[in-house]
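Asks: give the three-dimensional model of this entry:
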Amino acid sequence: MSEVKIVRLTTGEELIAKVKETDDSVTVRKPAILIPTGKDQLAFGQWLPYSNIPDGLTISKQYVIFIVEPIKELANQYSEMFGSGIVVPDKGPISGAGLKLST
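Replies: Next up is the predicted model:
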């Protein structure tokens, strides 16, 4: 799997996950849904918490609107909660200042 990405689906859901792309599909591993909780605040929710998808879930690209890189703080929070726990330290001023994450 590649880096952590944000995937927006045609349903309006925004997932953060480890993503692998092919020409016609996207595989998401350890997906979490991004939930806006207020001004400048986000929460992570388990996406499909009732499923067993240890190898990820493959989604046809016809259901994907876009795939983007998250800001470093969001990727770090995801990594702490759902990934390896490894975070990338800041080298300078924080980009995306004011973003607060809750779980």
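Asks: any chance of the backbone angles for the residue nearest the centre of the chain?
Replies: What sits nearest the mean C-alpha location of the chain, by C-alpha atoms, centre = their mean, is Ile16, with 1.0 Å. Backbone torsions of Ile16, given as degrees, to the nearest 10, read phi -120, psi 130.
Asks: from Glu69, how far off is it?
Replies: 10 Å (C-beta to C-beta, to the nearest Å). In short, each C-beta sits where N, CA and C put it, glycine included.
Asks: what residues are shared contacts of those two?
Replies: Counting by C-beta atoms under 8 Å, 6 or more residues apart in numbering, the contacts common to Ile16 and Glu69 are 5-6, 75.
Asks: from those, which land in strands?
Replies: 5-6 (DSSP state E).
Asks: using JSON lines, lay out the shared contacts of Ile16 and Glu69 together with neighbour count, distance to Tyr63 and pLDDT.
Replies: Listed next are these as JSON lines, based on neighbours: other C-beta atoms under 10 Å; distance: C-beta to C-beta, whole Å; pLDDT from 0 to 100:
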{"residue": "Lys5", "neighbour count": "20", "distance to Tyr63": "15", "pLDDT": "97"}
{"residue": "Ile6", "neighbour count": "19", "distance to Tyr63": "15", "pLDDT": "97"}
{"residue": "Ala75", "neighbour count": "19", "distance to Tyr63": "23", "pLDDT": "92"}
